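**Student:** Would you be able to build a 3D model of this:
(6 chains, ligands or ions: 6)
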Amino acid sequence: MNEILRVNLLSPIALAFVLGVITRVIRSEFTLPKEIYQGLSIYLLWSLGLHGGVELAHATFTEIARPAGVTLLIGCITPISAYLTLRYIGRFGEADSAGIAAHYGSVSAVTFIAASTFVKGMGAEPEGFMPTLLTLLESPGIHIALAIGAIRSGAKSRPTSELLHEVLTGRTMILLVGGLIVGFLIGDKNWKVIEPFYDTKGAIFRGALCIFMLEMGILAGSRLGDLKKVGPFLLAFGMIMPLIHGALGTWLGSLSGLSVGGATMLGSMAASASYIAAPPAVRMTLPDANPTYYLTLALAITFPFNVLVGIPIYFKLAQMAHGVG
Amino acid sequence: MNEILRVNLLSPIALAFVLGVITRVIRSEFTLPKEIYQGLSIYLLWSLGLHGGVELAHATFTEIARPAGVTLLIGCITPISAYLTLRYIGRFGEADSAGIAAHYGSVSAVTFIAASTFVKGMGAEPEGFMPTLLTLLESPGIHIALAIGAIRSGAKSRPTSELLHEVLTGRTMILLVGGLIVGFLIGDKNWKVIEPFYDTKGAIFRGALCIFMLEMGILAGSRLGDLKKVGPFLLAFGMIMPLIHGALGTWLGSLSGLSVGGATMLGSMAASASYIAAPPAVRMTLPDANPTYYLTLALAITFPFNVLVGIPIYFKLAQMAHGVG
Amino acid sequence: MNEILRVNLLSPIALAFVLGVITRVIRSEFTLPKEIYQGLSIYLLWSLGLHGGVELAHATFTEIARPAGVTLLIGCITPISAYLTLRYIGRFGEADSAGIAAHYGSVSAVTFIAASTFVKGMGAEPEGFMPTLLTLLESPGIHIALAIGAIRSGAKSRPTSELLHEVLTGRTMILLVGGLIVGFLIGDKNWKVIEPFYDTKGAIFRGALCIFMLEMGILAGSRLGDLKKVGPFLLAFGMIMPLIHGALGTWLGSLSGLSVGGATMLGSMAASASYIAAPPAVRMTLPDANPTYYLTLALAITFPFNVLVGIPIYFKLAQMAHGVG
Amino acid sequence: MNSTPLKMVVIVAEPVLESRLVTELRELGATGFSIVDGRGEGSRHAHASELPGSNVRIETIVPDDVAERIMEHVSAHYFTNWSFIAYVINVAVARGAKYT
Amino acid sequence: MNSTPLKMVVIVAEPVLESRLVTELRELGATGFSIVDGRGEGSRHAHASELPGSNVRIETIVPDDVAERIMEHVSAHYFTNWSFIAYVINVAVARGAKYT
Amino acid sequence: MNSTPLKMVVIVAEPVLESRLVTELRELGATGFSIVDGRGEGSRHAHASELPGSNVRIETIVPDDVAERIMEHVSAHYFTNWSFIAYVINVAVARGAKYT
Ligand SMILES: Nc1ncnc2c1ncn2[C@@H]1O[C@H](COP(=O)(O)O)[C@@H](O)[C@H]1O
Ligand SMILES: Nc1ncnc2c1ncn2[C@@H]1O[C@H](COP(=O)(O)O)[C@@H](O)[C@H]1O
Ligand SMILES: Nc1ncnc2c1ncn2[C@@H]1O[C@H](COP(=O)(O)O)[C@@H](O)[C@H]1O
Ligand code: NA
Ligand code: NA
Ligand code: NA
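**Tutor:** Ligands and ions are numbered 1, 2, ... in the order given. Sure thing, here's the model as predicted:
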């Protein structure tokens, strides 16, 4: 286990992230231009979708059916478990509980990428259709949590159609789902031509990921100051909730027939908290939920936790679930 | 033919474009940051120039002379044919007729790239000096059309020197002509070192092109609403004019000794409408020409038409002109 | 020598730079979006750091000790030699003399990159730890020159702690030092995976460098108008000072045991003038120093001089110092 | 030349509000608006944007009564929960008709 | 401190006009200008930019008479065919001399 | 609705000054500020930015006395050596309390 952790902590993306945090700690003003950061995330999501689509074309429905099922199940369980924990153990208000739950019910694509890079590095090649599962997990959790929040906080909830549209047409969905479809259609011959540029195991993708993680670290680092604002309960929540969701995801993934690599990734998805799709949706639907809470949790606590120590743990769990390692 | 069309429609760049259009149709707010879009177009044009310059160094004057001649001829015919059609068949005003003609008299670099990607995919390697022809076709048509417009609309035409300078020092010309010269001078040894990055047949160039086409689709999609504003005549014009110019270009290209691939590309150039160099030039010179007309035509009608169905047609015509296929 | 010069002048980066200057000379409005320019410089510095760190892991302390020593020595000599020349030969004011000296006491990372590309092209592989020397040379010269300026101009000098922090946490230092550390830690296995993207001898790095140099040319070109403002003395200073510092650096480098390639690069560093780290530091510390002087010198005179003719000269000197060539 | 005195309402708010605000401005009678992206800090610090502190600055030139309505609307709906400020400036425009 | 009342003319127009407008402002007597890129919508919708809706916001602080001249000039030359608005704001500057 | 008359101090300056100015504005009593990046030209031409002409536009809405202090402060410290202008505009805000 320690060995796995060491390997992970010395990976370029982990170190780049740490460097980004340090950059903020020493109060450097350095940061990536906003447009470059967005451009990189577009490239990463689009590659993920394309490559996933190409692989999806090689998968059979029966292979995917059960993993897809458990993924949707996780999309229904995690927002509720997060909500209940916050509302009844943490004694948070309706809005804050539901708002935070929406983040943990959804998924962080970058955590997904970090997980896939990690397991591939470990030689545990995951199923090719994992990006498809990623898209399945993106939105249900957000809607469930926000529905709870809207109902219970009796907030004059905005038309859910509007919310639905907002989430389904967001950057992540467009690039992932769109990429999946395009990748699915182009066929291997076309893929071969562009593969070196989009291959999620390739040097360009991973190189770009490092620079992206550097900025992620800077963004997380610039929220360190808010850590005291969130208080000890949320601090703990931000690390224990992922462990629980991660274990659940890994276990269900293994049951559904996913390989060690695949189960690890499903666990990482379940454990992750969305910080791209969820925040604006929550902000618009539950304006009285405190953004400092959910953004600090997702960006400055749970994301680093998963990338630095969580993923290796889920990997270990997956090995155990498979009776290996 | 159907087979060729199918192959083209399932190419990554065609699908990326369609995805971009859909993004707008479903009213998604997703779009590339302006600076990324510009950065990509700079990279694509610069690669085109460099690679073209390297190949130009291998060409002899006699090979180029006749194709260059017909290219300039096309640059003189197409703006006039477009102008006459609009003015006397379409009964449009002087300004609008000349303004639109300026776009069809010039060329769209992205259509050029799409065509070269297509013919290379078809195994019909075009002449290496095609980018040189692209630069020759860029500006004459704009000047001819605007001259007509200025004279006939009796608009107090702005100093043509100013217009000339504007067009000749625009982004496209700087990068294409500049790239051609640099590529011409560096020699093969230097080229080899940077080739994987700039190779217009390589994975990076084509990968970047996909992302660029996605945004092109978004831009075209955001003009769909204007389609009704332009009316049935311009709608038809936007697809029939390219066919006529495309056939002319393909035929003249073949006569001038270009290969099937080269003739297809010259046809595609002739058929294409500029949407980078022409719009600002027209806007400044003929301010009373309606931008909705020429921008919608160039971006939302003719560009997609050529990329999706035009280019394969010109390819077929080129094969016939060469008595093959 | 002429042959070496010719080879250098026909290199893609030299030609791209010249093209950029011409772009301005013909009053084109073309320029790279600011964010793309920054993104490229971030990528280049980060690659430099990472690659340098990987190589550093292979170096022994004893190899580095003496070169590092002379580098720091150069960092102390060059700001003083520049200051004295300007103050007592050029008869410039305290602020201007110190302000300009700060630029020549520091180093231009792009000149460093150009030099490494050049010597590698010449087959004179430099030591792997050169980027480490680059980071050592970055800041001492700035502090020494500004200290002189603050004291002698009796300017109510701002807290040096503030200045120190500013320079040490600037973009260049974060990316170079951070990259060095990350590269040092990740180990060869991780490096291999991302090498094609970050390899400073690779196609992507050099390709990106060309585009960056194009913009550098544009920036230099847009200052050509200021050349007359700086007057004949500074014009000469901008080319003679580099020669002197370059010779000194090459000589000391050779003495310290650096190879021909390494000595050339140390010479180029010594000869170069910073235009990223120094300007803001000088601006804030010596506001009455005229920015037109130091920016025009660094960007429009010394940078082109080194890239176009200086580096080949230092290479020749290094060969002589090694009794070869 | 004859110029018309009008009000310019300026709103600085979280980017996430842009499209909603623009729709509401139109509904309240604005004939147009201009937007620039910016950043800033105020009394409240957090808001739900990946990049802390980024905001949008929306300007709309309108007749006095519309300005009134807009200020009342935003005060009622946005001041409590959002990073949001709104202020009014007197401007003189050419072509007054364009704004009514 | 002693501050001088002046006029600030603000122009929001299609990006393609920037360089021409800047030259004309200088000719009409402006000693400087500030520009930010933005986007917007008005009564007219189309304009000749790859990216629909993008515009430039040009501010110039000038004496009353220069403001007059500028407003007359732009009304005469740009209102008919261009996406273009111009308005004037009263400002108080330090260093009045800088603007004349 | 009841709105409060206040002053908006606008500063257009070299980007390198941003962080220092922001700190000083807070010290002088400003409760917040809004910034947009821009470009421009004035009587002085050079400044120490890689990209000639780029500047930042800092707006801060404050009570009259704070505006006074800010204008005095910047006149004293920045006018001589920097590319720098500052001007004051009258604004009417909702929630006057927010700015004091
Ligand atoms: N006094 C002020 N002057 C100018 N802009 C302000 C001021 N206070 C707040 N703002 C702007 O309004 C936004 C929201 O402010 P707040 O609601 O206090 O967080 C900030 O990001 C600033 O851009
Ligand atoms: N009422 C308004 N308030 C603020 N800006 C406006 C207004 N009307 C138009 N604009 C701006 O002026 C530009 C041109 O307007 P138009 O000529 O109506 O298309 C638009 O893109 C907007 O940025
Ligand atoms: N008359 C003016 N109107 C508007 N902005 C100005 C004016 N003069 C100067 N500026 C702005 O202030 C900055 C500094 O001006 P200067 O100190 O004259 O170089 C310029 O970059 C412009 O953005
Ligand atoms: Na989750
Ligand atoms: Na054409
Ligand atoms: Na130096």
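
**Student:** who in the stretch 201-325 of chain A is up against chain C?
**Tutor:** Neighbours of chain C within the stretch 201-325 of chain A, by CB under 8 Å from any CB of the partner chain: A:203, A:204, A:206, A:207, A:208, A:210, A:211, A:214. Backbone N, C-alpha and C define where each C-beta goes, glycine included.

**Student:** does any bit of the strand or helix carrying residue A:46 sit next to chain E?
**Tutor:** When secondary structure is defined by DSSP states H and E, residue A:46 falls within helix A:34-56. No: Helix A:34-56 lies apart from chain E when judged by CB under 8 Å from any CB; the minimum separation is 12.5 Å.

**Student:** How far does that helix sit from its chain's centre?
**Tutor:** The offset between the C-alpha centroid of helix A:34-56 and the centroid of the whole chain comes to 14 Å, using CA atoms, centre = their mean, to the nearest Å.

**Student:** which helices and strands does that helix pack with?
**Tutor:** Other helices and strands packing on helix A:34-56, by 3 or more CB pairs under 8 Å, 6 or more residues apart in numbering or on different chains; DSSP states H and E, are helix A:109-121, helix A:130-138, helix A:171-198, helix A:203-221, helix B:34-56, helix B:203-221, helix C:34-56.

**Student:** Identify all contacting residues around the lengthiest helix in chain D.
**Tutor:** Of all the elements of type helix in chain D, the one with the most residues (DSSP state H) is helix D:64-78. Applying CB atoms under 8 Å, 6 or more residues apart in numbering or on different chains, the external contacts of helix D:64-78 come out as D:6-7, D:9, D:11, D:13, D:17, D:21, D:24-25, D:28-30, D:60, D:62, D:84, D:86, D:88, F:1, F:3, F:94-95.

**Student:** among these, which ones are buried?
**Tutor:** Neighbour counting over these (16 or more other CB atoms under 10 Å in any protein chain shown) leaves D:6-7, D:9, D:11, D:13, D:17, D:21, D:24-25, D:28-30, D:60, D:62, D:84, D:86, D:88, F:3, F:94 as the buried ones.

**Student:** Tell me if I'm right that residue A:270 and residue A:74 touch.
**Tutor:** Yes: the pair formed by residue A:270 and residue A:74 meets the contact definition of CB atoms under 8 Å, at 4.8 Å.

**Student:** Which one's more surrounded, the two?
**Tutor:** residue A:270 (30 against 26; other CB atoms under 10 Å in any protein chain shown).

**Student:** hang on, the earlier thing: what touches both of residue A:270 and residue A:74?
**Tutor:** Counting by CB under 8 Å, 6+ apart, the residues touching both residue A:270 and residue A:74 are A:137, A:245, A:248, A:249.

**Student:** Give the burial count for residue A:323, as a bare number.
**Tutor:** Under the criterion other CB under 10 Å, the count of neighbours that residue A:323 has is 7.

**Student:** before we move on, what about residue A:45?
**Tutor:** Using other CB under 10 Å, the number of residues around residue A:45 comes to 25.

**Student:** residue contacts, residue 21?
**Tutor:** Picked chain A for this. Taking CB under 8 Å, 6+ apart as the contact definition, residue A:21 lies against A:217, A:218, A:220, A:221, A:224, A:304.

**Student:** I was after chain D.
**Tutor:** Residues in contact with residue D:21, defined by CB under 8 Å, 6+ apart, are D:11, D:13, D:58, D:74.

**Student:** For stretch A:278-294, what does the pLDDT average out to?
**Tutor:** In this model, stretch A:278-294 has a mean pLDDT of 92.

**Student:** can you check stretch D:83-92 too?
**Tutor:** In this model, stretch D:83-92 has a mean pLDDT of 96.

**Student:** Ok, stretch A:63-82 next?
**Tutor:** According to the model, stretch A:63-82 has a mean pLDDT of 97.

**Student:** low pLDDT regions in the chain?
**Tutor:** The chain I'm using is chain A. Within chain A, the stretches with pLDDT under 70 are A:154-158, A:325.

**Student:** could you do chain D instead?
**Tutor:** Within chain D, the set of residues satisfying pLDDT under 70 comprises D:1, D:45-50.

**Student:** Contact residues of it facing chain E?
**Tutor:** Near chain E, when you scan chain D using CB under 8 Å from any CB, you find D:1, D:3, D:6, D:8, D:22, D:31-37, D:61, D:89-95, D:98.

**Student:** Pull the number of nearby residues for the residue in chain D that chain E sits nearest to.
**Tutor:** Minimum separation of chain D from chain E (CB to the nearest CB) falls at residue D:32, amounting to 3.4 Å. A count of nearby residues for residue D:32, using other CB under 10 Å, gives 21.

**Student:** do residue D:66 as well
**Tutor:** 21.

**Student:** What is the subsequent helix or strand relative to the strand or helix carrying residue A:237?
**Tutor:** Taking DSSP H and E as the criterion, the element that holds residue A:237 is helix A:227-255. Using DSSP H and E, the helix or strand that directly follows helix A:227-255 along the chain is helix A:260-271.

**Student:** can the helix or strand following that following helix be found next to chain B?
**Tutor:** On the C-terminal side of helix A:260-271, the closest following helix or strand by DSSP H and E is helix A:278-285. No: Helix A:278-285 lies out of reach of chain B by CB under 8 Å from any CB, never closer than 10.3 Å.
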